[in-house]
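S.K.: have a look at this prediction, sequence included:
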Amino acid sequence: MSIAIELTDIGVEFPVGRDWRGRVKSWAHALNGVSLRIARDRTLGILGESGCGKSTLAQVMTGLLAPSTGAISGVSGAERISIVLQDPNSSLDPRMPIWRIVMEPVFLKQTRTREDLRREATALLVKVGLRPEHIDRYPHEFSGGQRQRIAIARALSSAPEIIILDEPTSALDVSVQAQILNLLRDLQREHRLAYVFISHNVSVIRHFCDEVAVMYLGQIVEQGPSAKVFAMPAHPYTRLLLDAVPKIGRGRSTGQLDETELPSNRILPAGCFFRSRCRFAGAGCEKPQPLRLLEGNHKLRCHKDLPAEA
Ligand SMILES: Nc1ncnc2c1ncn2[C@@H]1O[C@H](COP(=O)(O)OP(=O)(O)OP(=O)(O)O)[C@@H](O)[C@H]1O
């Protein structure tokens, strides 16, 4: 398996507030010891509640943000890693024609003529299911789904190895979501892309990703092949997340997640970060929990073996 990017023990801290001398009052610990490997042709899903550090992780991978600690190896730099964001309305410049938007990532670096760039933009638009005559139109002339196709064409223009998909379908209608996911799958096969799929939508991650990493308070608490993690979630937090998804035929969900319960990341809890919300918390949880390996590349940050249907 060819590894596209590897993150080792990444930490990110943001300064929050300063006193009259300019000294930082406190730090927000957005990522805490995150280690990940992403292979070509594969999709890694990053799942977690708002504020768990998903977007910070994306920024670190694209090189927009330098981590406070840890190391990144493999491909790096904006040319090899592209990003597609949630909201195609705000991510496309309304004053630019489509061909210029699509070629934006390579526009200033190119020695090619304008006609070459327009020809390439046309090929990319056709690849994502739009038509050649669309190149001279403007973003407002397209639907939400079409705009997301334009954003995907733009992400492809630098011939990346990795595309980070940050909630790429959350702003779209359900029927359009499926079309965009199918398009992404086809493009992955054709270009041997590695995807990092960031979402808090459990069912999209479950159906689209080969692997999943579940994040809580800037830490990976469970990671492994999607089929395994979703069939046998081992961390109490993963179980809570999955329980919060309404299940057809099983009435209302039982484990509604209340984001207000998320502890502050300014003063990290001692021991297991999830302890304050965990109904299984007890002896041993006051110690920091390392990620331990279960069967089949399934990793868990909890010292307990929960009963299967707890
Ligand atoms: N520039 C910043 N300054 C201070 N704190 C920040 C900054 N950027 C992010 N944070 C904090 O880091 C944590 C992680 O933020 P991040 O945006 O990565 O979460 P997220 O999981 O992507 O959330 P969402 O799903 O809402 O986008 C949050 O507590 C956030 O408040």
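M.R.: Yep, that arrived.

S.K.: spit out the contact partners of Ile81.
M.R.: 5, 61-63, 75, 160-164 (Cβ atoms under 8 Å, 6 or more residues apart in numbering). C-beta here means a position set from N, CA and C on the backbone, and glycine is covered the same way.

S.K.: chain neighbours aside, what residue packs nearest to it?
M.R.: Ile162 (4.6 Å; Cβ to Cβ, 6 or more residues apart in numbering).

S.K.: that neighbour: how many residues sit nearby?
M.R.: 22 (other Cβ atoms under 10 Å).

S.K.: is it in contact with Ala194, as I believe?
M.R.: Yes - with contact defined as Cβ atoms under 8 Å, Ile162 and Ala194 form a contacting pair (4.6 Å).

S.K.: who touches both of those two?
M.R.: Joint contacts of Ile162 and Ala194 (Cβ under 8 Å, 6+ apart) are 4-5, 38.

S.K.: any idea how far Met215 is from the closest residue to the ligand within the stretch 151-300 of the chain?
M.R.: Closest approach between the stretch 151-300 of the chain and the ligand, counting by Cβ to the nearest ligand atom: Asn265, at 4.9 Å. Relative to Met215, Asn265 is positioned 12 Å away (Cβ to Cβ, to the nearest Å).

S.K.: now the helix-or-strand element of the chain with minimal mean pLDDT: buried residues?
M.R.: Of all the helices and strands that make up the chain, helix 88-91 has the lowest average by mean pLDDT, DSSP states H and E, namely a mean of 79. Within helix 88-91, the residues that count as buried by 16 or more other Cβ atoms under 10 Å are 88, 91.

S.K.: same for the very next helix or strand once past that helix, what does it pack against?
M.R.: Going down the chain from helix 88-91, the next helix or strand is helix 98-102, by DSSP states H and E. Secondary-structure packing of helix 98-102 (3 or more Cβ pairs under 8 Å, 6 or more residues apart in numbering; DSSP states H and E): helix 114-127, helix 144-156.

S.K.: the longest helix seen in the chain to helix 144-156, inter-axis angle?
M.R.: Counting by DSSP state H, the longest helix found in the chain is helix 174-191. Interaxial angle of helix 174-191 relative to helix 144-156 (axes from the mean of the first three to the mean of the last three Cα atoms, to 10 degrees): 20 degrees.

S.K.: contacts only, for the nearest residue to Pro168 once chain neighbours are set aside.
M.R.: In this structure, Pro168 finds its nearest non-sequential neighbour in Val84, 4.9 Å apart by Cβ to Cβ, 6+ apart. Neighbouring residues of Val84 by Cβ under 8 Å, 6+ apart: 148, 151-152, 155, 163-166, 168.

S.K.: dump those to JSON lines, plus neighbour count, distance to Gln223 and pLDDT.
M.R.: Shown next, in JSON lines, are the contacts of Val84 (neighbours: other Cβ atoms under 10 Å; distance: Cβ to Cβ, whole Å; pLDDT from 0 to 100):
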{"residue": "Gln148", "neighbour count": "30", "distance to Gln223": "28", "pLDDT": "95"}
{"residue": "Ala151", "neighbour count": "25", "distance to Gln223": "28", "pLDDT": "96"}
{"residue": "Ile152", "neighbour count": "24", "distance to Gln223": "26", "pLDDT": "97"}
{"residue": "Ala155", "neighbour count": "24", "distance to Gln223": "25", "pLDDT": "95"}
{"residue": "Ile163", "neighbour count": "23", "distance to Gln223": "20", "pLDDT": "96"}
{"residue": "Ile164", "neighbour count": "26", "distance to Gln223": "17", "pLDDT": "95"}
{"residue": "Leu165", "neighbour count": "27", "distance to Gln223": "18", "pLDDT": "96"}
{"residue": "Asp166", "neighbour count": "22", "distance to Gln223": "19", "pLDDT": "93"}
{"residue": "Pro168", "neighbour count": "29", "distance to Gln223": "21", "pLDDT": "92"}
